[in-house]
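Return atomic coordinates for the entry below.
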Amino acid sequence: MEIKLINRMNNMSLPELKTEDIKKCSGKKFMKKDEKALHEACRGFESIFLESMLKSMRKTIPEDKLFGDGNGMDIYTSMHDQYLARNISEDGRGIGLEDFLYRQISRSG
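Prediction:
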């Protein structure tokens, strides 16, 4: 309604827009941005989950008696697990957790 008044005041021959049309258009822009942010958040969660899983799996391996485990090795394996988890999830295929979370969260929103 406010746009009709502005169009009349300017004597423009533009088509009159309804407030509802503007809300629909702006909502679509925000929706695409939100979908991207939701995908990134789900991918981040999948990465954290994978890192936790890799650390748990690594704990089941017996410690190396020959070289021993030290702080340096702990830091290296932690960084390696983090790197693997990030690469697996950023590959786009991951383990399917990102897609599952995205579908569940997008239905509720």
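
alpha carbons only for contacts and neighbour counts from here, please
Will do.

quick one, helices of this structure?
Applying DSSP state H to the chain gives helices spanning 2-10, 19-59, 71-90, 97-108.

how much space between residue 84 and residue 37?
22 Å (Cα to Cα, to the nearest Å).

When the two are compared, which one has more neighbours?
Between residue 84 and residue 37, counted using other Cα atoms under 10 Å, residue 84 has the larger neighbour count: 16 against 12.

How many residues are close by the residue nearest to that one when sequence neighbours are not counted?
Distances taken as Cα to Cα, 6 or more residues apart in numbering place residue 51 nearest to residue 84, at 7.6 Å, with adjacent residues excluded. Neighbour count of residue 51, defined by other Cα under 10 Å: 22.

how about residue 51, what does it touch?
By Cα atoms under 8 Å, 6 or more residues apart in numbering, the residues touching residue 51 are 81-82, 84-86.

Show the pLDDT at it.
Residue 51 carries a pLDDT value of 94.

what do you get for residue 13?
44.
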